[in-house]
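**Q** Generate coordinates for the sequence data below:
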Amino acid sequence: MHPVFFQNVIAQGPLQQGVYHFPFVEPLLRRTENLLNSPFEKTLSLDVDLRLQAHKLGNLFTLLDRVEIAMVATELDNSKDRQLYGMPMFNNGMIAYKKTRKTLSLFEAMLQSYRNNVALNGTEEQKRLNASDQRAMAPHFSPAVNRFQLDYAILGDHWNWRGGNKGRTPAEPLIINHHPDLRNDTWGQLEMLENQIAKSGNKDLSDYIRQARIKILNAANRGKV
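**A** Purely as a prediction, here's the structure:
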């Protein structure tokens, strides 16, 4: 990785253990807060467990000259959240957006919904759905809902490939590979990166990477999709 990357990483504080029913809730809450706090006019928010397969990301920022937000929709055959929710929703693993009054209003509403949802009781399945940040976004913004009248683009699944039924392939060459099978490989690579950074003496960043590894492992164990 380029040294400039490390100069721009902000290590957040340690996670609070045992506060929420699922361990991935607090990292997702923080990620939602970070959508509001991005210092950039245009932001590409990415999950840590994906692969950038092609150098076409600049196309997203050009697209943001015409729209305020761009995402990929979930599918029934690649999203547990979509199956439990029963209605269309977007996958939050890749969000390209421009900072506008309407996008900030969306993220504020999403954050409040998420905080409300994770406080609810219910069956294990209901708790699992309420722990989803995608569930928190869906009542405000989805392929079927546009509460804040955003100018948006629904991208092809090659922009956030999650797999699907056996034999299904993306219509175009992958740009972002977000297949769940990548998680174990990502975890191992982050472990090596953590060790390298620790040897360099940057404890804050090595601790941050360790938290990312824990998030991926917990997500895989809990079936977060």
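**Q** Please count neighbours and contacts with C-alpha atoms only from this point.
**A** Noted.
**Q** next one: the host helix or strand of R30 to chain centre, how far?
**A** Using DSSP states H and E, the element containing R30 is helix 25-37. In terms of C-alpha atoms, centre = their mean, to the nearest Å, the centre of helix 25-37 is found 9 Å from the chain centre.
**Q** One more: stretch 128-135?
**A** Mean-position distance between stretch 128-135 and its chain equals 12 Å (C-alpha atoms, centre = their mean).
**Q** ok, longest strand in the protein?
**A** strand 90-98 (DSSP state E).
**Q** how about the CA coordinates for that strand, as PDB?
**A** Provided in PDB are the C-alpha atoms of strand 90-98 (Å, rounded to 0.1, in the frame of the first residue of the first chain):
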ATOM      1  CA  PHE A  90     -29.600  -1.800  -1.500                       C
ATOM      2  CA  ASN A  91     -26.300  -3.400  -0.400                       C
ATOM      3  CA  ASN A  92     -24.400  -1.000   1.800                       C
ATOM      4  CA  GLY A  93     -21.000  -2.600   1.200                       C
ATOM      5  CA  MET A  94     -20.400   0.000  -1.600                       C
ATOM      6  CA  ILE A  95     -21.900   3.500  -1.400                       C
ATOM      7  CA  ALA A  96     -20.800   6.200  -3.800                       C
ATOM      8  CA  TYR A  97     -22.300   9.600  -2.800                       C
ATOM      9  CA  LYS A  98     -22.000  13.300  -3.000                       C
END
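**Q** Neighbouring strands of that strand in the sheet, and parallel or not?
**A** Strand 90-98 has its sheet partners listed here by DSSP bridges as strand 42-46 (antiparallel), strand 69-73 (antiparallel).
**Q** Kindly state the pLDDT recorded for the spatially most central residue of the chain?
**A** Central residue of the chain (C-alpha atoms, centre = their mean): G93, 2.9 Å from the mean position. Looking at G93, its pLDDT is 94.
**Q** Thanks a lot, see you next time.
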